[in-house]
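>>> Okay, predicted coordinates and the sequence, questions at the end:
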Amino acid sequence: MKGENSENTIFFPWFGQDGMKTDKLTLLTRFRIVLVHPKNPRNIGSVCRAMKTMGITNLAIVTSEPFDETDAAVSAVHAEELLSTALRVNTLEKALTDTVYSAGITRRRGKFRKYYSLLPEEFAKKAFTFKNGIIALVFGTEEGGLTDEELACCHTAVHIPSSPLFPSLNLLHAVQVLCYTLFRHAYQKHIHEYTPVMQKDLDVMIQHIIDYLAPLDFYKNHEPERLSRLLNDVFGRSQLSKGESSRILSLFRKINGVFHKKTSGRKKPGNEKY
């Protein structure tokens, strides 16, 4: 049995290192991906890669037989350390002994399986209510998934909605979907960190655009007022960010500048040379 990989640190570009350390210790490193009797070594390596892209580094492999580590590393691609530090146990019970909450990932329902199954988003919301302890996501074999007995070891079931015409996801895809859902839930604020411009700033921006277009003989009659209302409606619905509003304003400023440059270079009447 190899030790846990708690020393693996992943930094994301929108965090300073100190802030990331705090989030790292309290959020994603608490999740453990458990593979129960995986058959294909390259699937194990691919799972390592899927986990690392989402900031999850705790892997446990339930297996009673050795597998080709070299073959697994081929598909790990820059995530080999997750493979080398993975917890190796021979029973699912051992992989879950130090966890506080566990979910079996399965699409199958039945009389001897769980009474209900959570969506990935519902599981993420529930999982983050646990303030301490390891939370496990358990995945079965590539061919048959989790058995009734294996699912019974878990506290709950989670299913990934899919087309009834072809409902079965392969192991890698199922792990990626769950890891992505957890990552998005953990860092939603930073992934979607954006504030639309306020109306007062939008008013100033629109007035500048109106002013930039005026010297171009762009208007007739009451067109400035009508254009102002149109821009206000369009930009308001668009929920422009500060960066986007600056770029748009810069575009009209350049148009105005090009116009002035061209008109200032024209020869004045009466100065023609013959």
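That came in fine, so what should we check first? Residues are numbered from 1 along each chain as shown.
>>> Determine the number of other residues adjacent to the nearest residue to residue 170 once chain neighbours are set aside.
Once its chain neighbours are removed from consideration, residue 170 has its nearest residue in residue 142; the separation is 6.7 Å (C-beta to C-beta, 6 or more residues apart in numbering). Any C-beta I mention is one placed from the backbone N, CA and C, and that applies to glycine too. Burial of residue 142, expressed as a neighbour count using other C-beta atoms under 10 Å, amounts to 16.
>>> I'd say residue 77 and residue 49 touch.
Yes: Residue 77 sits in contact with residue 49 when judged by C-beta atoms under 8 Å, with a separation of 5.4 Å.
>>> more neighbours, these two?
When neighbours are counted by other C-beta under 10 Å, residue 49 comes out ahead of the other of residue 77 and residue 49, with 19 against 12.
>>> show me what contacts the closest residue to residue 239 other than its chain neighbours?
Of all residues beyond its chain neighbours, the one nearest residue 239 is residue 196 (4.0 Å), with distances taken as C-beta to C-beta, 6+ apart. When contacts are counted by C-beta atoms under 8 Å, 6 or more residues apart in numbering, residue 196 touches 239-241.
>>> Any quick ChimeraX command for the buried ones out of these?
Buried members of the contacts of residue 196 can be picked out in ChimeraX with the line below, counting by 16 or more other C-beta atoms under 10 Å:
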select :240
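>>> Please identify which of the contacts of residue 196 is nearest to residue 209.
When those are compared for distance to residue 209 (C-beta to C-beta), residue 240 comes out closest, at 12.5 Å.
>>> Please report phi then psi for the closest residue in space to that closest one that isn't next to it in sequence.
Spatially, and ignoring its direct neighbours in sequence, residue 240 is nearest to residue 197 (5.4 Å; C-beta to C-beta, 6+ apart). Note on residue 197: backbone dihedrals following degrees, to the nearest 10 are phi -70, psi 150.
>>> Make sure residue 197 is actually in contact with residue 241.
Yes: taking C-beta under 8 Å as the definition, residue 197 is a contact partner of residue 241 at 7.0 Å.
>>> picking that back up, distance check, the residue nearest to residue 240 against residue 138.
Using C-beta to C-beta, to the nearest Å, one gets 46 Å for the distance from residue 197 to residue 138.
>>> repeat for residue 59
Distance of residue 59 to residue 138, given as C-beta to C-beta: 12 Å.
>>> which one of these two has more residues nearby?
residue 138 (27 against 24).
>>> distance of that one from residue 253?
58 Å.
>>> what does residue 170 give?
Using C-beta to C-beta, one obtains 52 Å as the distance from residue 170 to residue 253.
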